[in-house]
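Undergrad: sharing a model that was predicted from the sequence below.
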Amino acid sequence: MNKEMVYKALLELVSSNLSELLTTIEKVQESVEGEEKSTAGDKYETARAMAQNELTQLNRQLAQTKQNLSVLQRIQPGTVHQECQMGSLIKTATKNLYLTVGIGKFEAEGANYIAISPVSPIGQVLLGKKKGDSIKIGPTEEHILEIT
């Protein structure tokens with residue numbers, strides 16, 4: 001479990017998501033401009049409203065992704081933690097958890113990880129826990145095997 005490699009994989013994933021969102025937003029904006037030039041009446045209004053709704057949703061995702069990137073950039077992956085806190089990589093018998101931002105599942109170094117936010121319910125349970133402590137995740141009880 002190389003924490004720096006896991007960090008780089010997550011940072012790359014969030015950066016890639018940011019690039020994809022920017023490209024998608026640009027395409028939707030071009031589509032809206034194309035609709036303005038080619039149609040009029042009810043069809044135009046419907047297409048414009050749908051595109052505007054999509055842009056609003058994409059801009060929310062963009063803001064969240066930028067915030068996630070900002071949080072990740074403040075993490076120092078070389079720091080080893082003795083207890084669970086922001087930036088901790090946590091290994092249990094069945095899960096690899098990265099206490100950073102709430103992205104969900106991702107892969108790094110051929111293993112699966114779950115990036116969770118410290119403000120999430122699971123994140124709140126993890127905060128302050130140490131190696132050997134038990135936590136309840138859903139219906140199962142997990143034992144913390146390693147924290148880095």
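TA: Arrived safely.
Undergrad: immediately after the helix ranked longest in the chain, which helix or strand?
TA: Ranked by residue count and defined by DSSP state H, the top helix of the chain is helix 3-38. Next in sequence after helix 3-38, counting helices and strands by DSSP states H and E, comes helix 42-74.
Undergrad: quick one: mean pLDDT over that following helix.
TA: On average, the pLDDT along helix 42-74 is 88.
Undergrad: give me the helices and strands touching it, please.
TA: Packing partners of helix 42-74 (3 or more C-beta pairs under 8 Å, 6 or more residues apart in numbering; DSSP states H and E): helix 3-38. (Each C-beta comes from the backbone N, C-alpha and C, glycine too.)
Undergrad: state the number of residues packed around Gly87.
TA: Burial of Gly87 is recorded as 22 neighbouring residues (other C-beta atoms under 10 Å).
Undergrad: coming back round to it: identify each buried residue in the longest helix of the chain, please.
TA: Within helix 3-38, the residues that count as buried by 16 or more other C-beta atoms under 10 Å are 3, 6-7, 9-11, 13-14, 17-18, 21, 25, 28, 31-32, 35.
Undergrad: which of these has the weakest pLDDT?
TA: Lowest in pLDDT among the buried residues of helix 3-38 is Glu35, which has 61.
Undergrad: residues contacting the one residue sitting closest to the centre of the chain?
TA: Centroid-nearest residue in the chain: Ile103, 2.3 Å away (criterion: C-alpha atoms, centre = their mean). Ile103 sits next to 10, 13-14, 68, 115 when contact means C-beta atoms under 8 Å, 6 or more residues apart in numbering.
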